[in-house]
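Peer 1: Mind folding the following:
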Amino acid sequence: MESQPQPQPQPQPQPRRPRGFAATAAAAAASVSPTGAPSGSAGASTASSGKGKREREKEKERTKLRERHRRAITSRMLAGLRQYGNFPLPARADMNDVLAALAREAGWTVEPDGTTYRHSPPPQHQQHLGAFSVRSGESPLSATSLKNCSVKATLDCQQPVVRIDGSLSPASLDSVVIAERDTRSEKYPSTSPINSVECLEADQLIQDVHSTEHDNDFTGTQYVPVYVKLSTGVINNFCQLADPDDVRQELSHMNSLNVDGVIVDCWWGIVECWNPQKYVWSGYRELFNYIREFKMKIQVVMAFHEYGRTDSADVLISLPNWILEIGKENQDIFFTDREGRRTTEFLSWGIDKERVLNGRTGVEVYFDFMRSFRTEFDDLFAEGLISAVEIGLGPSGELRYPSFSERMGWRYPGIGEFQCYDKYLQQHLRKAAKLRGHSFWARGPDNAGHYNSRPHETGFFCERGDYDSYYGRFFLHWYAQALMDHADTVLSLANLAFEETKIIVKIPAVYWWYKTSSHAAELTAGYNNPTNQDGYSPVFEVLKKHSVTVKFVCYGLQICSYENDEAFADPEGLSWQVLNSAWDRGLKVAGENTLSCYDREGCLRIIETAKPRNDPDRRHFSFFVYQQPSPLVQGVICLPDLDYFIKCMHGDITGDLVP
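Peer 2: Below is the predicted model of the structure:
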């Protein structure tokens, strides 16, 4: 009888070796005797454990510095591709966007799903290298040099092909995807440990990163004139100078600071308050005479909007009384939201060409006001005392809809509401829908939420929402086009009224929800700027037609609350898009600060935004407007030292502002 085969013993699984913190804990346990006392080598083990912990902490710090170093390099590469290579990269580009752009530049076709192919045979290898060298500003490599030089030597010996200005950076560094390792050093390891990023010590990396930062020395930089805005209320509602002594004292203080000029709001609701075409300029004449004594320039604002209907405002300036009387009989002359609520901040653009204002259209009323000012102060224009005129094109003087009005209950960071439900704008919408062949599109969206909604709470602005549908794209295009048509018409008449005088237009800074796909707050304000298109380019094309100067709000240092709140706000990203879009179209750009206070770093950030020192095109602000929450004579100066700030803008002193 055959014996049964004995079962072979199964190999026992080897216990896993503890790693990381588990290994440290195991070593510490092994160093303790059964009685709880340390073993004979406990001292050595404890010292070794402490040394290992310190090494790990050092390695963490080195890793953080290497990552910061890689992020800084990547941001400058992306900025250089946009600035010098004309690559159409979005504001928050990732490496897929970069690879797709480079592939298309090389002649490949890249589909939205990533499928990449070539229609024609690839060119010769040396043609690729030559074209890349010419595009990057380097001399092309000849065939002979390629034969006599290995690929490794070429990579090691070539100078960097993209030279980037440190002041040019994309909107958000955190959104950039960084390669974990440097492929060049991985594939072609250097024989010198000094050239390896992995071997750099922490102090070397810190020095390398800090070497890219600018010194706070603005001596000899471009001269940027600084204007100070006079506080609202200097002219009372009867068009009289409220307090001549305070005005003279404030102008004297500005003059001692070497301010280049002042900004004066000329309120439509004060000058033409009681009767149509009855203009009272007496208070402004007295004010301008005071300014003339101090030999400062004047920029005037044609303020066609309302001011002060908030809880914090101590001055109230409404639209002219005769306009409000017409509005009682015909409320559709004002902007209207979906629920039929009217806002009297500004006249609806729907009446720009409707004769509903005592026989005049909206633009005719604006033109008559501007022409009256030009005639009344012809002597100041002849002297050159009035250097520019800003045209108010919407609420707060900005080119936008009144979509986030505090009077209607809006609070930051609500998305706001569309303002197109008066009968005149609805007529325009029906006409546009009929021309498009879809008459049923003649309506506003019914799922766009309310003033204080968030994008994800609505069907229109949420991810993959109706804003990107056929109807949504039609409606947003029409809504933005009404804004541009208003600007185009009014600016045409402004150039006619003021002839050769410089015209200024203020662009709003709607930065909340900028990091979302829909950019909901910008859409309700009239800027069709979702992530899949540039909504500022067509606006700036209209402004370029009239050779205006764009004035944009600068936020200085990004406030921490913007980073931590739930509004996906990005003031820096919006500023980067707006300023570069305007500069690329040859428009002059000016800046204006917010009323919030800044620290020294915020001041320097504003100055560097106003005149980036290493910009190869030497672009800079044409002027800067400092607006204050109260008169300078009251001693409330938000900037830590306005005198030093002005000198930095003038290029007369270093940026080391005194506390």
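Peer 1: Give the helix, strand or coil label for R374.
Peer 2: With DSSP: H, G, I helix; E, B strand; the rest coil as the basis, the three-state label of R374 is helix.
Peer 1: can you tell me which residues contact it?
Peer 2: Listed by Cβ atoms under 8 Å, 6 or more residues apart in numbering, the contact set of R374 reads 381, 497-498. Heads up, the C-betas are built off the backbone N, CA and C, glycines and all.
Peer 1: Repeat the analysis, applying 6 Å as the threshold.
Peer 2: By Cβ atoms under 6 Å, 6 or more residues apart in numbering, the contact set of R374 is 497-498.
Peer 1: how near is it to R585?
Peer 2: Distance, R374 to R585, using Cβ to Cβ, to the nearest Å: 28 Å.
Peer 1: residues contacting G392?
Peer 2: The contact partners of G392, taken as Cβ under 6 Å, 6+ apart, are 302-305.
Peer 1: Could you check how far R82 is from L99?
Peer 2: In this structure, R82 and L99 are 15 Å apart, going by Cβ to Cβ.
Peer 1: Residue ranges in the stretch 251-400 of the chain under the pLDDT threshold?
Peer 2: 309-313 (pLDDT under 70).
Peer 1: and if we set it to 80?
Peer 2: For the stretch 251-400 of the chain, applying pLDDT under 80 flags the ranges 309-314.
Peer 1: same deal with the stretch 1-150 of the chain?
Peer 2: Low-confidence segments of the stretch 1-150 of the chain (pLDDT under 80): 1-95, 97, 104-107, 110, 112-114, 117-150.
Peer 1: try the stretch 401-550 of the chain
Peer 2: Judged by pLDDT under 80, no stretch of the stretch 401-550 of the chain qualifies at all.
Peer 1: can you map out the helices along it?
Peer 2: Along the stretch 401-550 of the chain, counting by DSSP state H, counting those that start in this stretch, helices occupy 423-436, 470-498, 520-525, 537-545.
Peer 1: Pick the most buried one from those.
Peer 2: The highest average neighbour count among these, using mean count of other Cβ atoms under 10 Å, belongs to helix 520-525 at a mean of 28.
Peer 1: List just the one of the helices of the stretch 401-550 of the chain that sits closest to G397.
Peer 2: Smallest distance to G397 across the helices of the stretch 401-550 of the chain (Cβ to Cβ): 12.3 Å, for helix 470-498.
Peer 1: average model confidence for stretch 551-563?
Peer 2: Average pLDDT, stretch 551-563: 61.
Peer 1: Can you tell me how far E59 is from A432?
Peer 2: Distance of E59 to A432, given as Cβ to Cβ: 62 Å.
Peer 1: do M254 as well
Peer 2: 48 Å.
Peer 1: can you pull out the helices in the stretch 551-659 of the chain?
Peer 2: 560-564, 571-584, 600-610, 642-650.
Peer 1: need those in a markdown table with distance to I298 and mean neighbour count, can you?
Peer 2: Below are the helices of the stretch 551-659 of the chain laid out as a markdown table (distance: least, Cβ to Cβ, whole Å; neighbours: other Cβ atoms under 10 Å):
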| stretch | distance to I298 | mean neighbour count |
| --- | --- | --- |
| helix 560-564 | 34 | 11 |
| helix 571-584 | 24 | 20 |
| helix 600-610 | 21 | 21 |
| helix 642-650 | 18 | 22 |
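Peer 1: who wins for proximity to D617 among these?
Peer 2: D617 lies closest, by Cβ to Cβ, to one member of the helices of the stretch 551-659 of the chain: helix 571-584, at 7.7 Å.
Peer 1: so what does the closest one touch, helix or strand wise?
Peer 2: Counting contacts by 3 or more Cβ pairs under 6 Å, 6 or more residues apart in numbering; DSSP states H and E, helix 571-584 is packed against helix 537-545.
Peer 1: Restricting to C-alpha, output stretch 366-374 in CSV.
Peer 2: Extracted C-alpha coordinates of stretch 366-374, given in CSV (Å, rounded to 0.1, in the frame of the first residue of the first chain):
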residue,chain,number,x,y,z
TYR,A,366,-25.8,113.2,-20.8
PHE,A,367,-24.5,115.0,-23.8
ASP,A,368,-26.2,118.3,-22.8
PHE,A,369,-24.7,118.1,-19.3
MET,A,370,-21.2,117.5,-20.7
ARG,A,371,-21.5,120.2,-23.2
SER,A,372,-22.7,122.7,-20.5
PHE,A,373,-19.7,121.9,-18.4
ARG,A,374,-17.3,122.3,-21.4
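Peer 1: circling back to that earlier point, would you reformat the helices of the stretch 551-659 of the chain as CSV and include distance to A103?
Peer 2: Shown next, in CSV, are the helices of the stretch 551-659 of the chain (distance: least, Cβ to Cβ, whole Å):
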stretch, distance to A103
helix 560-564, 34
helix 571-584, 24
helix 600-610, 33
helix 642-650, 44
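Peer 1: of these, which approaches W322 most closely?
Peer 2: When the helices of the stretch 551-659 of the chain are compared by Cβ to Cβ, helix 571-584 sits nearest W322, at 36.8 Å.
Peer 1: Need the three-state assignment for T344.
Peer 2: Taking three-state DSSP, the label given to T344 is strand.
Peer 1: ok, back up a step: compare neighbour counts for R82 and L99 and give me the winner.
Peer 2: Set R82 next to L99 and count neighbours by other Cβ atoms under 10 Å: R82 wins out with 21 against 13.
Peer 1: So which of the contacts of G392 is the closest to S403?
Peer 2: Looking across these and measuring by Cβ to Cβ, the closest to S403 is H305, at 14.1 Å.
Peer 1: from what I can see the closest one touches F346, true?
Peer 2: Yes - between H305 and F346 a contact is recorded at 5.0 Å, counting by Cβ atoms under 6 Å.
Peer 1: Need the overlap of contacts for those two.
Peer 2: P395.
Peer 1: How many neighbouring residues does the residue lying closest to T489 once chain neighbours are set aside have?
Peer 2: Among residues not flanking T489 along the chain, V363 sits closest, at 5.3 Å (Cβ to Cβ, 6 or more residues apart in numbering). V363 has 18 neighbouring residues, counting by other Cβ under 10 Å.
Peer 1: That's all I had, so thanks and see you.
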